[in-house]
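Undergrad: quick one, structure for this:
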Amino acid sequence: MPSGTVDTLRAGSGTSSKGCPSLTTRIDDPRVQVAVELPSEPSAPGYEELSGIGSGENRPGMDEIAEWPWLEQNDHRRGTRLMTVGLRMYAAHPELELNNLPTMFLESGMRLMKELAGYVLAGGNLEHDDVMQMRDSLPCLVGFRRIAGQTPDDEIVRVVFLS
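TA: Here you go, the predicted model:
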């Protein structure tokens, strides 16, 4: 798929509308797993904020909490971090990462990551500045941003929610 284009991955059909016709995707492909970093881990970004939410007098008010940048996608700041494990090995494609996902959306986030991994395993390629429509019926757009690592093997593709 050319960089910067919009592609549609139809849930259930396993086909892509552009770039890779008739790709069959599987969200249950055992070659790729999704690793989860929960915000309840003391080493996780945002752990201190999370632990302060339930601590009585020290808990910030809802007006302050509502201003926290949940959707900021430059780094892992709070919430759950999801990352594929296996795309580099089985598809010669950088692993995918999704940051700052509220834990209550963990199942949906894992499904999204497995759908995207299935697309890649079927021959699709997710490039910097690509945008993908995930459903036919609603505007469910995600974007992709390549993040360089220390070495080419450390490069990742960050999944960014757009709508």
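
Undergrad: continuing past the longest helix seen in the chain, what's the next helix or strand?
TA: In the chain, assigned by DSSP state H, the helix with the most residues is helix 106-121. Next along the chain after helix 106-121, taking DSSP states H and E as the criterion, comes strand 131-133.

Undergrad: buried stuff in the host helix or strand of Val142?
TA: Using DSSP H and E, Val142 maps to strand 141-147. The neighbour-count check on strand 141-147 (16 or more other C-beta atoms under 10 Å) flags Leu141, Val142, Gly143, Phe144, Arg145, Arg146 as buried. The way it works is simple: take the backbone N, C-alpha and C, and place the C-beta from them, glycine included.

Undergrad: for the second one, give its distance to His93.
TA: In this structure, Val142 and His93 are 16 Å apart, going by C-beta to C-beta, to the nearest Å.

Undergrad: read off the pLDDT value for the residue positioned nearest the centre of the chain.
TA: Most central in the chain under C-alpha atoms, centre = their mean is Leu98, positioned 2.9 Å from the mean C-alpha point. According to the model's per-residue confidence, Leu98 sits at a pLDDT of 94.

Undergrad: could you do Gly61 as well?
TA: 69.

Undergrad: and for Gly56?
TA: On pLDDT, Gly56 comes in at 65.

Undergrad: cool, and Asp136?
TA: In the predicted model, Asp136 carries a pLDDT score of 77.

Undergrad: from Arg78, how far off is it?
TA: Counting by C-beta to C-beta, the separation of Asp136 from Arg78 is 32 Å.

Undergrad: who's more crowded, those two?
TA: Neighbour comparison, Asp136 and Arg78: the larger count goes to Arg78, with 21 against 13 (by other C-beta atoms under 10 Å).

Undergrad: now do the contacts for the closest residue to the more buried one other than its chain neighbours.
TA: On the basis of C-beta to C-beta, 6 or more residues apart in numbering, the spatially nearest residue to Arg78 that is not a chain neighbour turns out to be Gly46, at 2.7 Å. By C-beta atoms under 8 Å, 6 or more residues apart in numbering, the residues touching Gly46 are Pro39, Arg77, Arg78, Gly79.

Undergrad: follow-up on the earlier one: between strand 141-147 and the longest helix of the chain, find me the angle.
TA: Compare the direction of helix 106-121 with that of strand 141-147 by axes from the mean of the first three to the mean of the last three C-alpha atoms, to 10 degrees and you get 70 degrees.
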